[in-house]
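K.L.:
Sequence and predicted model, in that order:
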Amino acid sequence: MNAREVPRIAAPLLLAAAIVVSFKLEQPEPPVELPGGAPTAPSAEATQAAYVRALAPGSPGIDRGAARAAVTVLEFSDFGCPYCARFAAETYPALATEFVATGRVRWVYMPFALGIFPNGDEAARAADCAGEQGPAAFRRMHDRLFADQESWKGSADAASAFHALASDAQLDMTRFAACYAGDAPSRRVHAADALADEMAVRATPTFFVNGRRIEGALPVEEFRTVLLTALQQTHTP
């Protein structure tokens, strides 16, 4: 049993509480404590090694921004998480305009599933298939998945719901249907889940800014300060 399976299987209520706790607008939250008797959290060395693999070519992450940017943000969000949806709608667009579009920040979205939201695994697979069609297609699907979160979470026919969202996002539906029906997206999502385990991701959203862990959906100005500080540390104007 891996580290993340313990709270997900043995104590789902703890994880749900962790997600609530992780979203405070005034300050970043400390890492969520593992429940009593859970395996020891990964070492700093193991976490760093997983971080490097998450950003390497061939990883399941979906890139937005310049590959050679001085600062990299690795985002672990679940499409079923309401605080992730708020971050996607209220915070990321402003940061993308100022930092990602200007080439100063590379933003890598990891399509994983925390395991407690209905149809969350399937939403991650749908996003992964959108990512196969390029960054613009992924962005449109990403936005639709978060905007229509309550609808697909309550759907008894997830496949139809995600195909409809893909159509609304103007994806190539032949390519999307073939991808969604195949095994590749599940393999990539499982790989993302494994990286989340190795990096001790316990709540969503969790970010790694040049390797520094940040938990919670920070508001624009706080996250902007984090990015400006990281850029200053790399001596990038």
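P.N.:
Great, that's in hand. Numbers count the residues shown, from 1 in each chain.
K.L.:
Which residue ranges of this structure form strands?
P.N.:
62-64, 71-77, 105-111, 206-209, 212-215 (DSSP state E).
K.L.:
In terms of secondary structure, what does the first one contact?
P.N.:
In terms of contacts (3 or more CB pairs under 8 Å, 6 or more residues apart in numbering; DSSP states H and E), strand 62-64 is packed against strand 105-111, helix 120-131, helix 135-147. (Glycine included, C-beta is placed from N, CA and C.)
K.L.:
Next, format the ones you listed as a markdown table and append mean pLDDT and mean neighbour count.
P.N.:
Formatted as a markdown table, those follow (pLDDT from 0 to 100; neighbours: other CB atoms under 10 Å):
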| stretch | mean pLDDT | mean neighbour count |
| --- | --- | --- |
| strand 105-111 | 94 | 23 |
| helix 120-131 | 96 | 26 |
| helix 135-147 | 95 | 20 |
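K.L.:
And for residue 52, the neighbour number?
P.N.:
11 (other CB atoms under 10 Å).
K.L.:
Could you do the one 5 residues further on as well?
P.N.:
Under the neighbour criterion other CB under 10 Å, residue 57 is assigned a count of 5.
K.L.:
Tell me how far it lies from residue 235.
P.N.:
Separation of residue 57 from residue 235 (CB to CB, to the nearest Å): 26 Å.
K.L.:
what do you get for residue 66?
P.N.:
Applying CB to CB, the value for residue 66 to residue 235 is 17 Å.
K.L.:
So for those two, which sits in the more crowded spot?
P.N.:
residue 66 (16 against 7).
K.L.:
Show the contacting residues for the more buried one.
P.N.:
103, 104, 106 (CB atoms under 8 Å, 6 or more residues apart in numbering).
K.L.:
how about 6 Å then?
P.N.:
Residues near residue 66 by CB atoms under 6 Å, 6 or more residues apart in numbering: 103, 106.
K.L.:
How confident is the prediction for it, by pLDDT?
P.N.:
Model confidence at residue 66, given as pLDDT, is 90.
K.L.:
So what does it have for phi and psi?
P.N.:
Main-chain dihedrals, residue 66, degrees, to the nearest 10: phi -80, psi 130.
K.L.:
low-scoring stretches of this protein, by residue?
P.N.:
Scanning the chain for pLDDT under 70 picks out 1-41, 236-237.
K.L.:
again, only using 50
P.N.:
1-39 (pLDDT under 50).
K.L.:
Give me the neighbour count for residue 59.
P.N.:
Neighbourhood size, residue 59 [other CB under 10 Å]: 18.
K.L.:
quick one: it and residue 77, what's the gap?
P.N.:
For residue 59, the distance to residue 77 equals 16 Å [CB to CB].
K.L.:
what do you get for residue 118?
P.N.:
Taken as CB to CB, the span from residue 118 to residue 77 is 16 Å.
K.L.:
Ok, residue 53 next?
P.N.:
19 Å.
K.L.:
what about the two, which has more around it?
P.N.:
residue 77 (26 against 16).
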